[in-house]
Each structure stands twice: as C-alpha cells, then as structure tokens.
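> coords please:
(chains A and B)
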Amino acid sequence: MAKIVVVTSGKGGVGKTTTSAAFASGLAIRGFRTAVIDFDVGLRNLDLVMGCERRVVYDFINVIQGEAKLQQALIRDRMLEKLFILPTSQTRDKEALTAEGVARVMDELHGEFDYVVCDSPAGIETGALRALYHADEAIVVTNPEVSSVRDSDRILGILAAKSRRAEEGKEPVREHLLLTRYAPRRVQGGEMLSLEDVKELLRIPLLGVIPESETILQASNQGIPAIHMKGSEVAAAYEDVVARFLGEEKPLRFTQPEKPSFLKRLFGG
Amino acid sequence: MTEERTSPPQLRLSGGVFTFSVLRLESLDPGQLEVQLKTPEPVKQFLHNAPIVLDFLHLPDQQLPLRPWMDILRAAGCFPVGIRNASPAQAEAAAAMGLPHLRGRELEPALQETPAEPSACSPAHTTGTGVSTEPGQILRHPMRSGQRHYARNRDLICLAAVNAGAEVLADGHLHVYAPLRGRAMAGVMGQEHSRIFCASLEAELIAIAGIYAMPDPGHPLWGKPAEIALEGEQLRIMPLGT
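Reported below is the predicted structural model:
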C-alpha cells in the first residue's frame, strides 16, 4: 500500500518541482517503488526536470478522462528502475483534474507503489487542493523570506481543513518543513530569515535545509534530478532529507556560512 | 412492513438546543439601530446569516416599530427569529409577524465583570437560571494564515500560536497562551468588559467591542505578555502578570 506524499508550498518558484524530482529519485535509490505525479496542469515542468519530456505520449489528464490506461501514461525513469513519472498535460487547464478522476488514479497507484509523490502547483486553487487531498504526509517547501513563510502557513491551514484525512476525521496529515534556497551568508547579513525564525513561525518539524546553489539550475537545465549531482552540497542535502523522512537521524548540514580558507583570509577572497 | 409503506409519513418531533445572539434594543428609533449596525467588517460578517433574538428589556411598554426593525436587520443579513422580555401586547404584535416570544437563559451576565460579592448572593439566585457556566472553548492547534475561529457566546482559549493572517474572535475574553500574530477580537457582540490576554503581543490587529488598534513593533510590550482592556473609547495595553 502506497504512502502518498504531497510536495506543496502555496508560493511559486520556491523549489517544489526540484524537490519532488530529487525526493522521488531518492526514495527510488533506496529501493522503494515510487511514482511522481505532476499536478501543475497547463504548466508542465516535472518531465523537463526529470529529463523525460520527449517520451511523453499520454498524460495524467488522458488517464483521468479515460483516454489512456495508467500503464500507458507512466514513464519509467532513465536512471532508476523503480521510479515512474506521471506527467501532466500542457494544453488542458486545472478544471480537468476532477475529484473522482484523481481518486481513481490514486486508488490504482496505491496497490502498485510504495510511495506516490504529488508535485503540487503553486496557489490554493483546484490543482493544489487536488494534489494535497489524498496526502498522508506533506513536505512544505519554504524559502527563508516572509511571503513564502506566510503562504506555507496558509497551506498548512488548508491541509488541516481540506485534506481527505481532515474530512474523514482521521489522524492529521504529517507535516514536514523543507527550507530551500537557504544562503547562510545572507542570513548572517540579515537579508534572509534564519532557520530559527522560520521554525518559530511555522512550528512544524524540520525535514531539512537545501542550500541555495548554482547546481540546481544546472541540474534542471540538463533534466537531471538534483540528487544525482554527485559531490554537490545540494545532492548531499537531499540525501539527508530522504534519510530523515525514512526515520534516520542526520545532523543538519549547510546551515552555517562556509569559513573562508586560510589562504583566502590571508590574501582576501 | 407493507403497512408502514402504505401509511403516510409520520411527523417526527425532536428537541434541540441552539445558541442565538441576543440584540438588546435601547431605543424606539429605527434610525438608531441602522446606525449601530454600521459596525466594522468582521462584526458584519458574524451578523451575516446569524439568527437574532430581539430583547425588549430596556424598552417602554408601548407599540414598537417592529416592521422597520425587521427590515433593517434583514438588510444587514441577519434573521430575526424571536423576541424576549416583551409585554403581552408587544408579544402579540410580534407573534402576528411570525416572531415567537422566547424565554431563554441569558449568557451575557457570565461574561460581564461583576464585582465580587459572594455574601450578597441569595441562595435563590445561585440556584436560579440567570447565570451561565458555559466554559470557554479551547483551540489546541495553531491558527494559520487564512483561518478564522469564532467562539460565540463564550471565551476562546488558544493554546497554540495565532499566526499572521489568521483571525480569532470571541464574544467573551480571548486568551492566547502562545504568540498572537494575527487578528484578535474580543467582545465581538459589544461586551465592553471582555479582554484579550496573550503570551506574546505581535498582533496585526486587536479589538474589543468593535474598538480596534493596530499595535506596531515599536510598542514597549511588543513580543511580551500583555493584557488588553477597553477603557472608555480606547484600548489599553498592559503588561500581563505584574
């Protein structure tokens, strides 16, 4: 039986799709059968970040509307045998995501996979509501700035009120905070909220901190989930996130500004 | 079985307990009610679709402008559902308009700060029906941006943070044992003795009985435990627990 994880934020451009791709890949690396679904109908991105855009024949909306079978629309990942991508449509709009249709697809995925990762669109409209409705766990992606924190707060409120678990009076959705685009040096300079500030404002358990990095841009332009960028801080940070999600203890990394090397200090950086 | 199917559906009566807001009318002039209903937006939102009982306690025993009152209240979006404290003639006039004469208990006295006078209380009074003991409502989960909660006819106790963009309201007192960062309104139906208590004052807006203030981070009690009371036409912010 699959566990359903929504990657959500309220605000756009904070790193939901990057996180969905890296996190789903991380679960598959650990040997879990994982599906990652793009709920951002009309602004299809996940397939680009996963590097499978040229292999999209049928999509999520085709399956919802009965024009294709789920098996026809699921794309096997290039690198990981246990990872499948369910891309969305670029031409339809969010109204195509009917509640019954999504429920049917979720039911079908439930038996086949260990984890289903739902990449939510920004905002609090239909697409975002559908993406979070079935969730057992939620990764709330937040940038260290006031508006992102406010939007994450809003999404947490919606999770507590409008998820299936809330409606059915079951145990609430498990919430995880993922702080992304974190630049310790700018935090030190007072330009960004600190990790402590964000934790204090949102008050949910911290899953991890992903440092701001050029690597992310390179990864998504090449269509490679960031967790595969060997030797990079970002890949290491996402590996930690997956480990913590699976219940392992990992100390926080990349939250302190790098100390300049001895030579740099001597001659100025 | 067949018998049941052929017999006409039976009338099913059951009991229910409901909470209505009581509007105490102080003047016979309908214009005054109209002016009074021009309240701040949040109060208006509560009145919207709210069942209202009209209280005639403070009115003289004479013919009342029932029709204009009803029109004004309906225009404000509320539903007058009954009257109380009416003379027999007034009750008859109201009944003719579909408003029954109700004899409910009043909750308001419990919320008012009455001077402590235990010895003055007659036994008959303590066992009487005048005082309500309805406890405050407790919220354990954080109130997040975009959420709002209204404790009608009682106090509200928030054990977790009220975040920026959230709204908590109560007809009675409002206690927030965590940071108060959103909007907090006590005494929403006009109870001027209601107060707000919070563990850390960081609110966007505070209001008591419709009188509001927007504290700013420069306030000496910002981020500190505070108690807020209405004094005259002004909110007074005091340190809590000193």
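> for chain A, what's the nearest residue on chain B?
Here chain B gets closest to chain A at one residue, residue B:144, 3.3 Å apart by Cβ to the nearest Cβ. Placement of C-beta: from N, CA and C, glycine included.
> list the contacts for the residue nearest to that residue when sequence neighbours are not counted?
In space, residue B:144 comes closest to residue A:157 once its chain neighbours are excluded; the distance is 3.3 Å by Cβ to Cβ, 6 or more residues apart in numbering or on different chains. Shown in contact with residue A:157 (Cβ atoms under 8 Å, 6 or more residues apart in numbering or on different chains): B:143, B:144, B:145, B:146, B:147, B:166.
> might one say that the residue of chain B closest to chain A is in contact with residue A:153?
Yes. Proximity of residue B:144 to residue A:153 meets the contact threshold set by Cβ atoms under 8 Å, at 4.6 Å.
> before we move on, which element is the residue in the stretch 51-200 of chain A positioned nearest to chain B in?
Distance from chain B to each residue of the stretch 51-200 of chain A (Cβ to the nearest Cβ) is smallest for residue A:157, at 3.3 Å. Of the helices and strands defined by DSSP states H and E, residue A:157 is found in helix A:146-162.
> list the buried residues for that helix?
If you call a residue buried by 16 or more other Cβ atoms under 10 Å in any protein chain shown, then helix A:146-162 has these buried ones: A:148-160.
> picking that back up, how much space between the residue of the stretch 51-200 of chain A closest to chain B and residue A:59?
Residue A:157 sits 31 Å away from residue A:59, taking Cβ to Cβ, to the nearest Å as the criterion.
> which stretches of the chain form strands?
Unless you meant another one, I'm taking chain A. With DSSP state E as the definition, chain A shows strands at residue ranges A:3-8, A:34-38, A:75-76, A:83-86, A:115-119, A:137-142, A:174-182, A:206-211.
> look at chain B instead
With strands called from DSSP E, chain B shows them at B:21-24, B:51-55, B:79-84, B:137-139, B:148-151, B:156-158, B:167-170, B:174-180, B:183-186, B:196-201, B:205-208, B:211-213, B:226-231, B:234-239.
> the fourth one pairs with which strands, and in what direction?
Translated: strand B:137-139. In the sheet containing strand B:137-139, its partner strands are strand B:156-158 (parallel), by DSSP bridges.
> got the residues of the stretch 1-150 of chain A near chain B?
residue A:150 (Cβ under 8 Å from any Cβ of the partner chain).
> what segments of the stretch 1-150 of chain A are helices?
Remark: helices of the stretch 1-150 of chain A, listed N- to C-terminal, are A:16-29, A:46-49, A:60-64, A:70-73, A:99-112, A:126-133, A:146-162; assignment by DSSP state H, counting those that start in this stretch.
> in the chain, where is pLDDT below threshold?
Went with chain A since none was named. Along chain A, the model assigns pLDDT under 70 to residues A:260, A:263-265, A:268-269.
> actually, chain B is the one I wanted.
Low-confidence segments of chain B (pLDDT under 70): B:1-9, B:17, B:39-40, B:42-43, B:104-133, B:242.
> from chain B, how far off is residue A:15?
The gap separating residue A:15 from chain B is 20 Å, by Cβ to the nearest Cβ, to the nearest Å.
> looks like that residue contacts residue A:210 (just checking).
Yes. A contact is recorded between residue A:15 and residue A:210 when judged using Cβ under 8 Å, the distance being 7.0 Å.
> please enumerate the shared neighbours of these two.
Overlap between the contact sets of residue A:15 and residue A:210, as judged by Cβ under 8 Å, 6+ apart, is given by A:180, A:181.
> between residue B:144 and residue A:153, which contacts overlap?
Here residue B:144 and residue A:153 share the contacting residues B:163, B:165, scored by Cβ under 8 Å, 6+ apart.
> quick one: the contacts of residue A:157 as a markdown table, columns for neighbour count too.
A markdown table is the format used below for the contacts of residue A:157 (neighbours: other Cβ atoms under 10 Å in any protein chain shown):
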| residue | neighbour count |
| --- | --- |
| B:143 | 28 |
| B:144 | 27 |
| B:145 | 22 |
| B:146 | 21 |
| B:147 | 23 |
| B:166 | 25 |
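> ok, residue A:178 to residue A:46 distance?
The separation that residue A:178 has from residue A:46, given Cβ to Cβ, amounts to 17 Å.
> who in chain B is up against chain A?
In this structure, chain B approaches chain A at residues B:141-147, B:160-161, B:163-166, judged by Cβ under 8 Å from any Cβ.
> next one: phi and psi at the residue of chain B closest to chain A?
Main-chain torsions, residue B:144, degrees, to the nearest 10: phi -100, psi 160.
> ok, so what distance separates it from residue B:174?
Counting by Cβ to Cβ, the separation of residue B:144 from residue B:174 is 17 Å.
> and if you look at residue A:62?
Note on residue A:62: its distance to residue B:174, by Cβ to Cβ, is 52 Å.
> again, but for residue B:87
As it turns out, when the distance is counted by Cβ to Cβ, residue B:87 lies 37 Å from residue B:174.
> same question, residue A:72
In this structure, residue A:72 and residue B:174 are separated by 56 Å, where distance is defined by Cβ to Cβ.
> in terms of neighbours, single out the busier of the two.
Neighbours around residue A:72 and residue B:174, counted as other Cβ atoms under 10 Å in any protein chain shown, are more numerous at residue B:174. The numbers are 30 against 13.
> need the contact list for the more buried one.
Taking Cβ under 8 Å, 6+ apart as the criterion, residue B:174 is in contact with B:155, B:156, B:158, B:168, B:184, B:185, B:186, B:194, B:195, B:196, B:197.
> beta partners of it?
What pairs with residue B:174, by the bridge criterion (DSSP bridges), is residue B:156, residue B:196.
> coming back round to it: residue B:83: which of the strands of chain A is closest?
When the strands of chain A are ranked by proximity to residue B:83, the top entry is strand A:174-182, at 48.6 Å, counting by Cβ to Cβ.
> render the CA-only coordinates of stretch A:139-159 in CSV, please.
What follows is stretch A:139-159, C-alpha atoms only, in CSV (Å, rounded to 0.1, in the frame of the first residue of the first chain):
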residue,chain,number,x,y,z
ILE,A,139,6.5,18.3,2.6
VAL,A,140,6.0,22.1,2.8
VAL,A,141,8.7,23.8,0.8
THR,A,142,9.6,27.2,2.1
ASN,A,143,12.1,29.9,1.2
PRO,A,144,13.6,32.0,4.0
GLU,A,145,11.5,35.0,3.3
VAL,A,146,8.3,36.5,4.8
SER,A,147,5.9,36.0,1.9
SER,A,148,6.9,32.3,1.4
VAL,A,149,6.5,31.6,5.1
ARG,A,150,3.1,33.3,5.1
ASP,A,151,2.0,31.1,2.1
SER,A,152,3.3,28.0,3.7
ASP,A,153,1.3,28.8,6.8
ARG,A,154,-1.8,29.2,4.7
ILE,A,155,-1.2,25.8,3.0
LEU,A,156,-0.7,24.2,6.4
GLY,A,157,-4.1,25.5,7.4
ILE,A,158,-5.7,24.1,4.3
LEU,A,159,-4.0,20.7,4.9
